[in-house]
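# Pasting a predicted model and its sequence here:
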Amino acid sequence: MAEGKKYTLKETNPPMEAREAAPIYTTGNPEFQHSGLWDTTSHNLALQARSGVTMAKVHHIREALGFSPEELASLLHVSLRTLQRRQVSDVMSVPVSERILQLEKLLQQGEYIFEEPDAFQGWLREPVLALGGDTPYSLLDTQFGIRLVSQVLGRLAFGVYA
């Protein structure tokens, strides 16, 4: 029988420092790189929301989702005038930034599943049985609604009844 290594009491206490990098686990499709948010952690999203998103991103998300300025203002719980007077480089408040980042993640998920932006925009406007006959758009004014729509999209991606 081969003899194993003998350890002394000193060697049994491992060092209190990392000797190698921790593995990185990602989810989602690596080919899908809309804005890098697909693989971003909640921590990074929280930091982005705190820093605020620019009006340029707000305009981009509005156009990509096919929303009118009035519709987006309603979803963000701000007045249309607030959106109109902001400059492209202006930074939005934390609650508005958080909602925009959530909508952006939903947009990425929808574009990945539907592959065509127009198809996803159309789906947002159609009643969905899994949502009690409501349209996905009608639920996007709350965090819970966005999460629910995201869950339905996830079910669609795996062919589950939605």
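That came through fine. Keep in mind the model is a prediction, meaning the values are calculated, not measured. Residues are numbered from 1 along each chain as shown.
# which stretches of this protein form helices?
For the chain, the helices defined by DSSP state H cover 42-51, 55-65, 69-76, 80-85, 94-114, 117-125, 143-157.
# Those: which one's closest to Tyr137?
helix 117-125 (4.6 Å; CB to CB). No exception for glycine: its C-beta is placed from N, CA and C like everyone else's.
# now for that closest one, which elements pack on it?
Judged by 3 or more CB pairs under 8 Å, 6 or more residues apart in numbering; DSSP states H and E, helix 117-125 is in contact with helix 55-65, helix 94-114.
# looking at those helices, which is buried most?
helix 94-114 (a mean of 20; mean count of other CB atoms under 10 Å).
# Averaged pLDDT, it. What do you get?
For helix 94-114, mean pLDDT rounds to 95.
# Ok, stretch 141-155 next?
95.
# looking at the chain, which helix or strand does the model trust least?
helix 42-51 (a mean of 87; mean pLDDT, DSSP states H and E).
# now that one against helix 94-114, angle please.
Per axes from the mean of the first three to the mean of the last three CA atoms, to 10 degrees, the angle that helix 42-51 makes with helix 94-114 is 130 degrees.
# on contacts alone, who are the packing partners of helix 42-51?
Helix 42-51 packs on helix 94-114, going by 3+ CB pairs under 8 Å, 6+ apart.
# I'd like the distance from the helix it packs on to the chain centre, please.
Its chain's average C-alpha position is 5 Å from that of helix 94-114, according to CA atoms, centre = their mean, to the nearest Å.
# That helix vs helix 143-157, what angle?
Going by the same axes, to 10 degrees, helix 94-114 makes 10 degrees with helix 143-157.
# Extract the CA atoms of helix 94-114 and return them as PDB.
Provided in PDB are the C-alpha atoms of helix 94-114 (Å, rounded to 0.1, in the frame of the first residue of the first chain):
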ATOM      1  CA  VAL A  94     -32.600  56.200  -9.600                       C
ATOM      2  CA  PRO A  95     -36.200  54.900  -9.800                       C
ATOM      3  CA  VAL A  96     -36.500  55.900 -13.500                       C
ATOM      4  CA  SER A  97     -33.000  54.400 -14.200                       C
ATOM      5  CA  GLU A  98     -34.000  51.200 -12.500                       C
ATOM      6  CA  ARG A  99     -37.200  50.900 -14.600                       C
ATOM      7  CA  ILE A 100     -35.300  51.600 -17.800                       C
ATOM      8  CA  LEU A 101     -32.700  48.900 -17.000                       C
ATOM      9  CA  GLN A 102     -35.600  46.400 -16.300                       C
ATOM     10  CA  LEU A 103     -37.200  47.300 -19.600                       C
ATOM     11  CA  GLU A 104     -33.900  46.900 -21.300                       C
ATOM     12  CA  LYS A 105     -33.400  43.400 -19.900                       C
ATOM     13  CA  LEU A 106     -37.000  42.600 -21.000                       C
ATOM     14  CA  LEU A 107     -36.300  43.900 -24.400                       C
ATOM     15  CA  GLN A 108     -33.200  41.700 -24.700                       C
ATOM     16  CA  GLN A 109     -35.200  38.700 -23.600                       C
ATOM     17  CA  GLY A 110     -38.000  39.400 -26.000                       C
ATOM     18  CA  GLU A 111     -35.700  40.000 -29.000                       C
ATOM     19  CA  TYR A 112     -33.800  36.800 -28.200                       C
ATOM     20  CA  ILE A 113     -37.000  34.700 -28.100                       C
ATOM     21  CA  PHE A 114     -38.900  36.400 -31.000                       C
END
